[in-house]
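A.B. asks: here is a sequence with its predicted model. Questions after.
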Amino acid sequence: MTRLNVLLLVALIASAVYLVRVSHESRRLFAEFDKARSEERLLDNEFERLKSDKQSQATPLRVEKTARDKLAMRGATPAVTQYVSRAASTGAAGSAP
């Protein structure tokens, strides 16, 4: 009978240690999961902000203003437009092998 009691005591202690270890691991994993979820929320907020910034930056007026100011581009007018005649372009294309 004493052997059975000692065996049961050892099994009880091993079970208690295992339970504590599993419980600790579960808490650690939940904390890590919660941290990942909060990081996901932050990234979603940043993505939405960047998407709205992209939409505001891509308006035609803003693109035109940036092209004029930063790139020194100008509008196409007949004075700066060079026209290519059709005969000259087909003649050059026809002479190529």
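C.D. replies: Thanks, I have the structure now. The structure presented is a predicted model; accordingly, all values stated were derived computationally and were not measured. Numbers count the residues shown, from 1 in each chain.
A.B. asks: not counting sequence-adjacent ones, nearest residue to residue 67?
C.D. replies: Nearest residue to residue 67, sequence neighbours excluded (Cβ to Cβ, 6 or more residues apart in numbering): residue 73, at 4.3 Å. Quick note: C-beta positions are derived from backbone N, CA and C, even for glycine.
A.B. asks: name the element the one you found belongs to?
C.D. replies: Secondary structure assignment for residue 73, by DSSP states H and E: no helix or strand.
A.B. asks: that one and residue 66, how far apart?
C.D. replies: 9 Å (Cβ to Cβ, to the nearest Å).
A.B. asks: residue 78 too?
C.D. replies: Between residue 78 and residue 66 the distance is 25 Å, computed by Cβ to Cβ.
A.B. asks: the two: who's more crowded?
C.D. replies: The residue with more neighbours, out of residue 78 and residue 66, is residue 66; 12 against 6, by other Cβ atoms under 10 Å.
A.B. asks: now the helices for the chain?
C.D. replies: For the chain, the helices identified by DSSP state H occupy 2-57, 60-69, 86-95, in order along the chain.
A.B. asks: and the angle from the longest one to helix 60-69?
C.D. replies: An angle of 70 degrees separates the directions of helix 2-57 and helix 60-69 when computed by axes from the mean of the first three to the mean of the last three Cα atoms, to 10 degrees.
A.B. asks: and helix 2-57, how far from the chain's centre?
C.D. replies: Using Cα atoms, centre = their mean, to the nearest Å, the mean C-alpha position of helix 2-57 is found 24 Å from that of the whole chain.
A.B. asks: which other helices and strands does that helix contact?
C.D. replies: The criterion is 3 or more Cβ pairs under 8 Å, 6 or more residues apart in numbering; DSSP states H and E, and there are no helices or strands that helix 2-57 contacts.
A.B. asks: just give the number of residues close to residue 67.
C.D. replies: Burial of residue 67 is recorded as 13 neighbouring residues (other Cβ under 10 Å).
A.B. asks: quick one, phi psi at residue 74?
C.D. replies: In this entry, residue 74 is assigned phi and psi values of phi -140, psi 160 (degrees, to the nearest 10).
A.B. asks: per-residue pLDDT, residue 58?
C.D. replies: Among the per-residue scores, residue 58 shows a pLDDT of 83.
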